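>>> Provided below for reference: sequence and predicted model.
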Amino acid sequence: MYVASKFAARGCVIALAHELAPQVRVNGVAPGGTLGTELTGPGGIGLAGRLLDDVPGRAEDLSRRTPLRVALTGADHAGSYVFLASDRARGITGTIVGSDGGAGIR
C-alpha cells in the first residue's frame, strides 16, 4: 500500500501539471525519513502510539540508510518547497524533488 500510494501521488502531480498548465505549476517534494515529526511507529512491530523520534538511535539509523549519511529535519526540506514556490522555478512543473539524502537513488 505504501508504494502504491507514493506512485499515486506522483501520478497526480504529473497529471495536474499537464491539465493546469500554463496557469498553474504543479510540483512536489518527496522527503525521506525526517527527525522532529509527530509520526508514530507501526503497530505491527509494537510501536503504535510511540513517536518515531523516541526510538533510541533514530538519527544514527536514518543517516546510515542514506547515501549522503544525513538525518534530515523539516528545516532541511523547507528550502525545496520555497524554491518550487518561487519565481526561480517558473520553468518547472510536473517534477518531484527528492529531499531524502539520496535514499531515492538506491
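Perfect, I can see it now.
>>> who does the longest helix belonging to the chain touch, helix- and strand-wise?
Looking across the chain with DSSP state H, the single longest helix is helix 2-20. When contacts are defined as 3 or more Cβ pairs under 8 Å, 6 or more residues apart in numbering; DSSP states H and E, helix 2-20 sits against strand 28-31. Using the backbone N, CA and C atoms, a C-beta is placed for each residue, glycine as well.
>>> what does the strand it packs on contact?
Applying Cβ atoms under 8 Å, 6 or more residues apart in numbering, the contact partners of strand 28-31 are 6, 9-10, 13, 72, 77, 80-81, 84, 95-100, 104.
>>> now swap in stretch 96-103 and tell me
Contacts for stretch 96-103 (Cβ under 8 Å, 6+ apart): 10, 13, 27-33, 62-63, 65-72, 76-77, 80, 83-84, 104.
>>> For these, which ChimeraX command selects only the ones that are buried?
This is how ChimeraX selects the buried members of the contacts of stretch 96-103, with burial counted by 16 or more other Cβ atoms under 10 Å:
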select :13,27,28,29,30,31,32,33,62,63,65,66,70,71,72,76,77,80,84
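>>> For the closest residue in space to residue 67 that isn't next to it in sequence, give its distance to residue 50.
Of all residues not flanking residue 67 in the chain, residue 102 sits nearest, at 3.5 Å (Cβ to Cβ, 6 or more residues apart in numbering). With distances taken as Cβ to Cβ, to the nearest Å, residue 102 is found 28 Å from residue 50.
>>> same for the helix or strand where residue 59 lies, what does it pack against?
Using DSSP states H and E, residue 59 sits in helix 58-64. Under the contact criterion of 3+ Cβ pairs under 8 Å, 6+ apart, helix 58-64 touches strand 34-35.
>>> If anything else comes up later, I'll come back, but that's it for now.
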